[in-house]
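S.K.: Quick one, fold the following:
(chains A and B)
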Amino acid sequence: MCPNPGQINEQRVETPRGELLFRALCPPEFFLGLKLDPGLGRFAHYSSMIQKLEMFQRIASGEDGNVILALADGNTVVGYACCYYPSPGERWAALGKLMYEMGAIEVSRNWRNLGIAQKLVHMATDRDFYEEKIAYMNGFSWHWDLEGTGFTLAQYRQMMINLMKPYGFKEYPTNEPNVAIREENVFLARIGSRVSELDIRRFRKLLFGILETN
Amino acid sequence: MFDAYPKLVVLKDGTPVFLRPMVLQDEEGLNHFFSRIPERERWFRRENVSDPQVIRSWFQQMDYQRVLPMVAVRESDGLIVANLSLHRRAWGCLSHVGHIRIMVDPVYRGQRLGTWMLLDLVKLAMGMGVEKLVAEFVAGVEDAAMRGVQKLDFFKAAVLEDYVKDPQGGYHDLVIMVKNLHRDWSDF
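M.R.: Have a look, this model is predicted:
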C-alpha cells in the first residue's frame, strides 16, 4: 500500500537549501514559464532523461499522464517524476491500461541528498488510481548518473530498489529485452490491491513474454 | 538483501517456479532433488550428494555469508527443481571471488531455469561486492551448461586437461569459466 493514501497535488517542503514546491498532476499549461535547473541537462557521462519542458507538456497531455515537479523559487525545476501508460510498441501495452509506467525520476545534480526523489515518488503514487493498476518502473543502467553520485552499478541499482520499496514496488525477473540486456538493469512493479487474480496471472506470464488473452 | 524473494519465473513451457534462498526446512526436498539427478552427474560433484549425511551437514553449517544456497521450487507443489550455490571466502586474497555450483532437475533442463537462476545470482553477487564469478564444468558431461553460461558472458579462463575421472576411469578436461562483474560502464 502507498503510505498515507490520499491525494495531495501541491506541497511546500523546507530543505536545507531552501523551500521547494512539490506539484503533482500538473496540467499541460503549467510548464509555461518554468526553467530547468542547470544540474539537469547534458554532461560528459550522463544526460538527463528530459531536457526540454515540452516533454512534460506532452506527458501531461496524454491520458492519465502525471508529471510531478519539485520547484525551487517557484519556477525552477530541480526534480521531476513522470508517469504514463506504456507506448503501443512496448511489451507492457499488451495488457492495455492495466499497466502504468513510472517512466522517469530525476533530481538535479545540484539538489541531491535532500529527500527530493522520495517526495516525488510519494506524490506520484499517493493516489487511489494505483490500486487498479500494475505500476512499474524500468531501471536502465545507461540512464544512471554514476559519475555524479559516485555509486557503482550495484549501489545505484540498490538505491533504486530502496527508493521504491516503501511504496510497494518490488523486483520482478523479466526477459523483456531492454531490461534483460544488462544484468544490473532492474524491473520494479507494484500490483494494486484491486487488480484481479486473472490480471495478475497475465502480468506474471507477460514478464516472460507469454501473452495470455482474456 | 532477500526481501524480494521468492521471485517468480515462468519457464519456456509456462511452468511457474519460485527462486528463493534455501532454508532449514528444505533438507528432505533437497535429498529428493539430488536423488533425481543421474548418478553419472552426481559423480562429478565435489561431495557425495547421494549421502543424506552430507546434505545434513550443509544444513547444520548453513551460513549465507560463506555459502549462499538458492533453490528453484515448483509453484504448484514446492518441489525443488534446481539448486545453485555461491561459495565465498570472508577474508583474504579471494574474498572478491565467488564460486558457483549449479544443478538442474533433468526434467526442467532446456527451459531457461538455469539461466534465470544464474542471472538472479549475478545480481545478488553484484550487491554483495563480488567482482568475479567462477564456475567449473566437466567437458563432455556439462557442455550444455557451459554453453548456457557463455551466453551470460562467462568466458573460458582455463582448461585443466584430463583433470577429472569419470566412473569408468576415463579422463575429462575441467573447464574453468569466469565472469567479471563490472562496477561501472567503461569509457569506450
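S.K.: Any regions of chain B where pLDDT drops low?
M.R.: B:186-188 (pLDDT under 70).
S.K.: Would you mind naming what in it lies close to chain A?
M.R.: Contacts of chain B with chain A, taken as CB under 8 Å from any CB of the partner chain, map to B:3-4, B:7-11, B:14, B:16, B:19, B:116, B:119-120, B:122-123, B:126-127, B:129, B:152, B:181-185, B:187. Just so you know, the C-beta spots here come from the backbone N, C-alpha and C atoms, and that holds for glycine as well.
S.K.: and residue A:155, what element?
M.R.: Per DSSP states H and E, residue A:155 falls inside helix A:153-164.
S.K.: buried sites along that helix?
M.R.: For helix A:153-164, the neighbour count (16 or more other CB atoms under 10 Å in any protein chain shown) marks A:153, A:154, A:155, A:156, A:157, A:158, A:160, A:161, A:163, A:164 as buried.
S.K.: Let me see the ranges of the strands in chain A.
M.R.: Ranges of strands in chain A, per DSSP state E, are A:10-15, A:18-23, A:35-36, A:66-72, A:76-84, A:99-107, A:134-139, A:170-171, A:186-191.
S.K.: Which secondary structure elements does the second one sit against?
M.R.: To tie it back to what came earlier, the one meant is strand A:18-23. Counting contacts by 3 or more CB pairs under 8 Å, 6 or more residues apart in numbering or on different chains; DSSP states H and E, strand A:18-23 is packed against strand A:10-15, strand A:66-72, helix A:116-125.
S.K.: For my notes, please list these in a markdown table and give distance to chain B for each entry.
M.R.: Output for the helices and strands packed on strand A:18-23, formatted as a markdown table (distance: least, CB to the nearest CB, whole Å):
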| stretch | distance to chain B |
| --- | --- |
| strand A:10-15 | 28 |
| strand A:66-72 | 25 |
| helix A:116-125 | 17 |
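S.K.: List of residues touching the lowest-mean-pLDDT helix or strand in chain A?
M.R.: The weakest-scoring helix or strand in chain A, judged by mean pLDDT, DSSP states H and E, is helix A:146-149 (a mean of 90). With contacts defined as CB atoms under 8 Å, 6 or more residues apart in numbering or on different chains, helix A:146-149 is touched by A:43, A:44, A:45, A:46, A:109, A:112, A:152, A:153, A:156, A:159, B:184, B:185.
S.K.: do the same with stretch A:81-97
M.R.: A:50, A:55-56, A:59, A:62-68, A:99-105, A:120-121, A:123-124, A:133-136, A:176, A:199, A:202-203, A:206, A:209, A:211.
S.K.: Contact residues of chain A facing chain B?
M.R.: Residues of chain A lying near chain B (CB under 8 Å from any CB): A:45, A:141-142, A:146, A:152-154, A:157-158, A:161, A:165, A:170-173, A:180, A:183-184, A:186, A:204-205, A:207-208, A:210.
S.K.: how about the helices in chain B?
M.R.: For chain B, helices defined by DSSP state H occupy the ranges B:27-35, B:39-42, B:52-60, B:113-127, B:143-150.
S.K.: which stretch among the ones you listed comes nearest residue A:17?
M.R.: Residue A:17 lies closest to helix B:113-127 among the helices of chain B, at 30.9 Å (CB to CB).
S.K.: now could you export just the CA positions of that closest one as CSV?
M.R.: Presented in CSV, the C-alpha positions along helix B:113-127 are these (Å, rounded to 0.1, in the frame of the first residue of the first chain):
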residue,chain,number,x,y,z
LEU,B,113,15.7,-22.3,-15.5
GLY,B,114,19.5,-22.4,-15.1
THR,B,115,19.8,-19.1,-16.9
TRP,B,116,17.2,-17.4,-14.6
MET,B,117,19.0,-18.8,-11.5
LEU,B,118,22.4,-17.7,-12.7
LEU,B,119,21.1,-14.2,-13.7
ASP,B,120,19.5,-13.8,-10.3
LEU,B,121,22.7,-14.9,-8.6
VAL,B,122,24.7,-12.5,-10.7
LYS,B,123,22.5,-9.6,-9.4
LEU,B,124,22.8,-10.9,-5.8
ALA,B,125,26.6,-11.2,-6.1
MET,B,126,26.9,-7.7,-7.5
GLY,B,127,25.1,-6.4,-4.4
